[in-house]
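**Q** Next one to model:
(one chain, ligands or ions: 1)
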Amino acid sequence: MKKIRKAILPVAGLGTRFLPATKAIPKEMLPVVDRPLIQHVVDEAREAGIEHFIFVTGRNKAVIEDHFDRQYELEVTLTERRRFADLEHLERDLPVPGQTSFTRQQSPMGLGHAVWCARDIVGEEPFALLLPDVLVQAERGCLAQMIDAYQEIDQVANFVAVEEMAPERVHEYGVIGVGRQVGKAFEVTQMIEKPTPGRAPSNLTLTGRYILQPEIFQLLETQSWGAGGEIQLTDAMNRLALNQAFFAVKFEGRAFDCGSKTGFLVANVAYALAQPDIGPKLRQKLKEMLVD
Ligand code: G1P
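**A** Next comes the predicted model:
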């Protein structure tokens, strides 16, 4: 069975779209209901069987490392107060010692550069990449669905998750062209990062979940500047596609672009509505608000 053990989570972004909330707090720590965004994404990776989480961080991000560590004062206080359910919850979220690595990107040179920063920690094995700006609400996690499809295919291959996007928003994303269906996946015929209007090969956009082969690192090393003056992952993936297969998975579930205020707020509502303790009450409140 082909296994994916490691995942890269790039968390070095400045989060300027959420200022001033993100002046002293990383955007990845903003809560979606009662869990930081990054915790939701780590949960998705864990569900898919990931055993090592590699965070590519930057300045002002140390609190992410603290979040994935023990908080002794809190644990002692909760124990004294006999809040065992809360304690159990904290314990469940905590990675096993040695399961996390943190490395710094140092300067904001783009997603491709952030991924390249994790090369030594990943080594020579295929890995997952999850962009924490995107949350996917699904019965079976998006990455788990991709790994199912990956395991079905009997060749060295790379996978991307894609979703159908409204035509007026396609230019904000990486876009793929699709070929024939193979098992649960589709062959990728081309990938374009943020195409100018009229140049998009389809309305299928990259959702921010990838399974990549380690050869991507050598390509990133020599990658020239791309769209937006950044080292683009999509450009390196296009070069890798000359020698290796790329497949797309149209996952089941709903993606929220938490890099935008609207997407982030809608994610909060959707996740809260799905929680049995607060969902019904919130539904009622929203109904009242919307008729006013
Ligand atoms: C990145 C990727 C893009 C992808 C998007 C998903 O763009 O480069 O291909 O569609 O994430 O959110 P960014 O949002 O960093 O501009």
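**Q** mind checking how far the residue in the stretch 101-250 of the chain that the ligand sits nearest to is from A227?
**A** For the stretch 101-250 of the chain and the ligand, the shortest gap (Cβ to the nearest ligand atom) falls at G174, measuring 2.4 Å. Backbone N, C-alpha and C define where each C-beta goes, glycine included. To A227, G174 is 9 Å away according to Cβ to Cβ, to the nearest Å.
**Q** what touches both of those two?
**A** Residues touching both G174 and A227 (Cβ atoms under 8 Å, 6 or more residues apart in numbering) are E193, K194, T234.
**Q** Quickly note the distance from the last one to G263.
**A** This points to T234. Separation of T234 from G263 (Cβ to Cβ): 20 Å.
**Q** More neighbours: which of these two?
**A** T234 (20 against 16; other Cβ atoms under 10 Å).
**Q** Spatially nearest residue to that one (excluding sequence neighbours)?
**A** E193 (3.9 Å; Cβ to Cβ, 6 or more residues apart in numbering).
**Q** separation between that neighbour and W116?
**A** Following Cβ to Cβ, the distance that separates E193 from W116 is 16 Å.
**Q** Kindly report the same for F55.
**A** The spacing between F55 and W116, counted by Cβ to Cβ, is 15 Å.
**Q** Check I4 too.
**A** Relative to W116, and taking Cβ to Cβ, I4 is found at 19 Å.
**Q** before we move on, what about V182?
**A** Noted for V182: a distance of 29 Å to W116, by Cβ to Cβ.
**Q** swap in N238?
**A** Taken as Cβ to Cβ, the span from N238 to W116 is 16 Å.
**Q** Have a look at the two and say which one is more surrounded.
**A** Set side by side, N238 and W116 show more neighbours around W116, with 23 against 18, by other Cβ under 10 Å.
**Q** Check the more buried one and give its pLDDT.
**A** As predicted, W116 sits at a pLDDT of 97.
**Q** ok, it touching E221?
**A** Yes - contact criterion Cβ atoms under 8 Å: W116 and E221 qualify, at 6.5 Å.
**Q** Please produce a markdown table containing the shared contacts of G174 and A227, extended by secondary structure and pLDDT.
**A** Formatted as a markdown table, the shared contacts of G174 and A227 follow (DSSP: H, G, I helix; E, B strand; the rest coil; pLDDT from 0 to 100):
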| residue | secondary structure | pLDDT |
| --- | --- | --- |
| E193 | strand | 91 |
| K194 | coil | 91 |
| T234 | helix | 93 |
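**Q** quick one: average pLDDT of stretch 248-260?
**A** 96.
**Q** same check, this time on stretch 134-144
**A** For stretch 134-144, mean pLDDT is 98.
**Q** quick one on the thing from earlier: any idea what the residue of the stretch 101-250 of the chain closest to the ligand is bridged to?
**A** Beta-bridge partners of G174, counted by DSSP bridges, are E193.
**Q** Contacts only, for it.
**A** G174 sits next to M191, I192, E193, K194, T205, L206, T234 when contact means Cβ under 8 Å, 6+ apart.
**Q** Quick one: name the residues of the stretch 101-250 of the chain near the ligand.
**A** L111, L131, D133, V134, Y173, G174, E193, T205, L206, G208, L233, T234 (Cβ under 6 Å from any ligand atom).
**Q** If we ignore the residues flanking it in sequence, what's nearest K61?
**A** Nearest one to K61, counting by Cβ to Cβ, 6+ apart, is P26 at 5.0 Å.
**Q** And the one you found, how close does it get to G110?
**A** The spacing between P26 and G110, counted by Cβ to Cβ, is 18 Å.
**Q** mind checking how far the host helix or strand of M289 is from the chain centre?
**A** Following DSSP states H and E, one finds M289 within helix 279-291. Helix 279-291 has its C-alpha centroid displaced from the chain centroid by 30 Å (Cα atoms, centre = their mean, to the nearest Å).
**Q** got it, and stretch 211-221?
**A** When distances are taken as Cα atoms, centre = their mean, stretch 211-221 is centred 18 Å away from the chain's centroid.
**Q** hey, C-alpha coordinates of it in CSV?
**A** Output of stretch 211-221 as CSV, limited to C-alpha atoms (Å, rounded to 0.1, in the frame of the first residue of the first chain):
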residue,chain,number,x,y,z
ILE,A,211,0.0,15.0,-3.2
LEU,A,212,3.4,15.6,-4.7
GLN,A,213,6.5,13.5,-5.5
PRO,A,214,9.8,14.7,-4.1
GLU,A,215,11.2,15.5,-7.6
ILE,A,216,9.3,18.8,-7.2
PHE,A,217,12.0,20.1,-4.9
GLN,A,218,14.7,20.0,-7.6
LEU,A,219,12.4,21.9,-9.9
LEU,A,220,11.5,24.5,-7.3
GLU,A,221,15.2,25.1,-6.7
